[in-house]
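Novice: this is the structure alone, sequence omitted:
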């Protein structure tokens, strides 16, 4: 199973790229199917013990269920999550309790800021890669047109 948020080994990235090339897409179902054989370079990234994997999946479903719970607050009425994860409590807490606790509110706000900063960094990187790819593509097209002329 993949632990943490670290980068994948270059070999795993190559295998994922190969899967995309061969199948014309890269989705979870295809990756699991390709990783299932024990000799697959991706096999080690998964829990194959169904008892363990099943319990982990149910825990993930529970987290999704909690995150989907919403309440309506304020004027004008606004939907918001009913529960917010508080790391220091290792629990999802009612949103009213979080905002009533200065320490929990500060913790959750800091988490929101980190998440927003991480999203902004990913977006900036995505845009930079897009610009680099466009320049590369333009140079490739220019070469192709030069060869045709």
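Specialist: Thanks, I have it. Bear in mind that the values here come from a model prediction, so they are computed numbers and not experimental data.

Novice: where does this protein have low pLDDT?
Specialist: Applying pLDDT under 70 to the chain flags residues 1-7.

Novice: care to break it down by domain?
Specialist: 1-47, 63-149 (automatic domain parsing).

Novice: longest helix in this structure, please.
Specialist: helix 102-148 (DSSP state H).

Novice: so which elements touch that helix?
Specialist: Packing partners of helix 102-148 (3 or more C-beta pairs under 8 Å, 6 or more residues apart in numbering; DSSP states H and E): strand 83-86, helix 95-100. Where you see a C-beta, it was placed from the backbone N, CA and C, and this is true even at glycine.

Novice: okay if I get the domains of the chain as CSV plus mean neighbour count and distance to residue 57?
Specialist: Listed next are the domains of the chain as CSV, based on neighbours: other C-beta atoms under 10 Å; distance: least, C-beta to C-beta, whole Å:
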stretch, mean neighbour count, distance to residue 57
domain 1-47, 12, 9
domain 63-149, 12, 10
